[in-house]
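Peer 1: model the following, please.
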Amino acid sequence: MRLVKFWAVAALLPLYACSADDSDMQPEPAPVVSAPQAQAPQAVTAPTTEAQAEDVVEAGEEVAAETGSQSEIVLAQAGTAAAAKSKFVAGRDYEVVKPAQPTSAGPGEVEVLEFFMYTCPHCFNFEPHMNNYIADKPSYVKVQRVPVMFNDVAVLHARAYYTADILGVLDKTHLPMFEEIHINRNMLSTESELEDFFASHGVEREKFRGTFKSFAVEGKLKKGATAAQRLKITSVPFVAINGKYKTAGSMTKSYDKVIEVIEDLTALEHNNP
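Peer 2: The predicted model follows:
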């Protein structure tokens, strides 16, 4: 029943562009209409000033891979070769990442990163599509969600996501957080509100407090921020495939096609390692 409710409301959310500079982004109320016409998905954009970017990635943190290294040249060449076999069009349906970026995928695996933000209505719209993909994906595809940190509230929500990940309760909190924000219109914009939310979903308050600002969460925040920086993620929702390609509804003009692009490129990566 939860999934049916999620689909129904997500389909009705208006597709307006949201500015990532607005720290108090509020989801618009869903109008009561039937069978809305499909509209091209839009995205939330990242801060563009250097000062705002420094709020996301700590000053002094360095990107490990250096542009122009031999390993990046090899990765870029491999990505170009696989992309040439895709039934989709580079530059229209997806973007080739240059230089290609390292991944955490093991031998025979293909990494898919979903960059999202809880307050983004377009991410809310996209989530059921991604959930269906994850349920049916090939075993060689490893999906990781990466919460972006475009504003102060998004940083809190990223902490909440990684807290849930470490505590092993994402199945209890991830979808409900989207619903709490976009259906119940509770922005969960403070640590105390997040603690109450986690407690209402069966998480002990002491465990939440002990994890929310832990070194483990800090490490995941830095790793996620670095991934977003290296892949030049400036809007959400966005999906990166094996460090070599990026796609989004703003490119494909439909979320179903985003999934098709992911399926195509992950298969090519698996068959052309």
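Peer 1: C-alpha from now on. contacts and neighbour counts both.
Peer 2: Noted.
Peer 1: which SSE is His270 in?
Peer 2: For His270, the element it lies in under DSSP states H and E is helix 255-271.
Peer 1: list the buried residues in the strand or helix carrying Gln229.
Peer 2: Using DSSP H and E, the element containing Gln229 is helix 215-230. Within helix 215-230, the residues that qualify as buried are Val217, Glu218, Lys220, Leu221, Gly224, Ala225, Thr226, Ala227, Ala228, Gln229, Arg230, counting by 16 or more other CA atoms under 10 Å.
Peer 1: widest-spaced pair of these?
Peer 2: Comparing every pair within the buried residues of helix 215-230 by CA to CA identifies Val217 and Arg230 as the most remote, at 19.9 Å.
Peer 1: could you chop this structure up by domain?
Peer 2: Taking automatic domain parsing as the domain assignment, the ranges for the chain are 70-148+234-273, 151-232.
Peer 1: remind me which residues of the stretch 51-200 of the chain are low pLDDT?
Peer 2: Under the criterion pLDDT under 70, the flagged ranges of the stretch 51-200 of the chain are 51-82, 84.
Peer 1: which residues in it form strands?
Peer 2: Under the criterion DSSP state E, counting those that start in this stretch, strands of the stretch 51-200 of the chain are mapped to 95-96, 110-116, 141-147.
Peer 1: ranking those by burial, who's on top?
Peer 2: Each of these was given a mean neighbour count from mean count of other CA atoms under 10 Å, and the largest, a mean of 23, is that of strand 110-116.
Peer 1: helices and strands around it, which ones?
Peer 2: Secondary structure elements in contact with strand 110-116, counted by 3 or more CA pairs under 8 Å, 6 or more residues apart in numbering; DSSP states H and E, are strand 141-147, strand 238-241, helix 255-271.
Peer 1: so what's Ile262 up against?
Peer 2: By CA atoms under 8 Å, 6 or more residues apart in numbering, the contact set of Ile262 is Ile241, Thr247.
Peer 1: which parts of this protein are helices?
Peer 2: 2-12, 50-56, 70-83, 121-136, 152-167, 170-182, 191-200, 205-212, 215-230, 249-252, 255-271 (DSSP state H).
Peer 1: which one, of those helices, ends up nearest to Pro237?
Peer 2: If you check each of those against Pro237 by CA to CA, helix 121-136 wins as the nearest, at 5.2 Å.
Peer 1: I'd like to know which elements that closest one is packed against.
Peer 2: In terms of contact count using 3+ CA pairs under 8 Å, 6+ apart, helix 121-136 is assigned the packing partners helix 2-12, helix 170-182, helix 255-271.
Peer 1: quick one: which of these is nearest Met149?
Peer 2: Minimum separation from Met149 across these (CA to CA) falls at helix 170-182, 15.8 Å.
Peer 1: that closest one - contacts with which helices or strands?
Peer 2: Counting contacts by 3+ CA pairs under 8 Å, 6+ apart, helix 170-182 is packed against helix 121-136, helix 152-167.
Peer 1: quick revisit: what are the contacting residues of the helix holding Gln229?
Peer 2: Identification of contacts with helix 215-230 by CA under 8 Å, 6+ apart yields 56-57, 63, 101, 115, 146-149, 158-159, 162-163, 166, 211.
Peer 1: out of those residues, which end up buried?
Peer 2: The neighbour-count criterion (16+ other CA under 10 Å) marks 56-57, 101, 115, 146-149, 158-159, 162-163, 211 among those as buried.
Peer 1: with respect to Glu109, which of those is nearest?
Peer 2: Of all the buried ones among the contacts of helix 215-230, Glu109 sits closest to Gln101, with 15.1 Å by CA to CA.
Peer 1: stretch 146-156: end-to-end distance?
Peer 2: Stretch 146-156 has an end-to-end distance of 13 Å (CA to CA, to the nearest Å).
Peer 1: same thing with stretch 109-127?
Peer 2: Start-to-end, stretch 109-127 (CA to CA) is 23 Å.
Peer 1: just use 48 as the starting number from now, easier for me
Peer 2: With 48 as the first residue, the last one maps to stretch 156-174.
Peer 1: which of the buried ones among the contacts of helix 262-277 sit farthest apart?
Peer 2: Greatest spatial distance in the buried ones among the contacts of helix 262-277: Gln148 and Thr258, 29.7 Å, computed using CA to CA.
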